[in-house]
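> fold the stuff below for me.
(4 chains)
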There are 2 protein chains.
Amino acid sequence: MQISDAESQVMETLWQAHPLTAEQVAERLAPHQAWELSTVKTLLNRLLKKRAVAADRDGRRYLYRPLIARADYVHAESSGLLDRLFGGRVAPLVAHFSERRKLTKKDIAELKRLLAELDHER
Amino acid sequence: MQISDAESQVMETLWQAHPLTAEQVAERLAPHQAWELSTVKTLLNRLLKKRAVAADRDGRRYLYRPLIARADYVHAESSGLLDRLFGGRVAPLVAHFSERRKLTKKDIAELKRLLAELDHER
DNA sequence: CTCCTTCGATTACGAATGTAATCTAAGGCC
DNA sequence: GGCCTTAGATTACATTCGTAATCGAAGGAG
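Take a look at the predicted model:
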């Protein structure tokens, strides 16, 4: 079961803070997405069907919380992209951004530190 | 205009070799996708509408060729993912794969070489 | 010239998606 | 206790997508 684009924005909201009511989700999305409350409810329901979120009854409404970890989602998405476009490997992606001059100083510094760390740990 | 998943497989075929007839595209896809010829034709037509490929008449059929560069497509897709999931930066993505132990020896070696190169070029 | 074959063009059709409006039931206000 | 409000549940509806089948015309076979 795939999480759609619109749905993933709802997930992001819930990853940032949970549990939330449908209305709170809508409020937090508002700055980015001018969605009607009912749209948000539809998306929450679809996510429920997909077992991506859980809804815990709280009086006469529900509190929603994510059921899948953001890291897992991120990993699935990223691996999918790597597999489709870069032969499943990370270095070619970095090379691509390097060619496009899209590596910032900060990126470069962080990558160096990361690689140094990898050398050290055992 | 977005290129869908199925469509992108047709694009990959054309990036590997072009120009190709609809039938040749289908042949080359066959090992991966058991698509009917008419399915491939539908996808080619949708790509035409989206101006992602061009069709040059050759007698009573067409020769198809890509109109957008693979590198541009790859960049759009990759940037989109980075923006949505990693704050638009490359290093956090690499860090993610590092945490998940998905960096191969080869990746690490290549990344080191890449960074060294970046240091050298002025 | 006529018929079969082979292209592309058109049409089909269900599932998923984006985006809501409407319906219904449970609570709270007079 | 009856009525308005407010949740969620149900229904809606146009697009896009995946996956084809069918239609119509242009060429080749006899």
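> would you mind listing what in chain A touches chain B?
For chain A, the residues in contact with chain B (CB under 8 Å from any CB of the partner chain) are A:8, A:71, A:74-75, A:77-79, A:81, A:84-86, A:89-98, A:100, A:102-104, A:106-108, A:110-112, A:114-115, A:118. C-beta here means a position set from N, CA and C on the backbone, and glycine is covered the same way.
> inside helices: which ones of those residues?
Taking DSSP state H, the ones among the residues of chain A next to chain B that sit in helices are A:8, A:71, A:74-75, A:77-79, A:81, A:84-86, A:90-98, A:106-108, A:110-112, A:114-115, A:118.
> buried ones among these?
Buried subset of those (neighbour count, 16 or more other CB atoms under 10 Å in any protein chain shown): A:8, A:74-75, A:78, A:81, A:85-86, A:90-91, A:93-98, A:107-108, A:110-112, A:114-115.
> out of those, which touch DNA strand D?
Among these, no residue lies close to DNA strand D (CB under 7 Å from any atom of the strand).
> what's residue A:54 in contact with, if anything?
A:48, A:64, A:65, A:66, A:67 (CB atoms under 8 Å, 6 or more residues apart in numbering or on different chains).
> just put the residues you listed in TSV and tack on pLDDT.
Listed next are the contacts of residue A:54 as TSV, based on pLDDT from 0 to 100:
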residue	pLDDT
A:48	96
A:64	97
A:65	97
A:66	97
A:67	96
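> got a quick ChimeraX command for the buried subset of those?
This is how ChimeraX selects the buried members of these, with burial counted by 16+ other CB under 10 Å:
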select /A:64,66
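> got a list of what the closest residue to residue A:104 other than its chain neighbours touches?
Closest residue to residue A:104 apart from its sequence neighbours, by CB to CB, 6 or more residues apart in numbering or on different chains: residue B:89 at 6.8 Å. By CB under 8 Å, 6+ apart, residue B:89 lies in contact with A:104, A:106, A:107, B:82.
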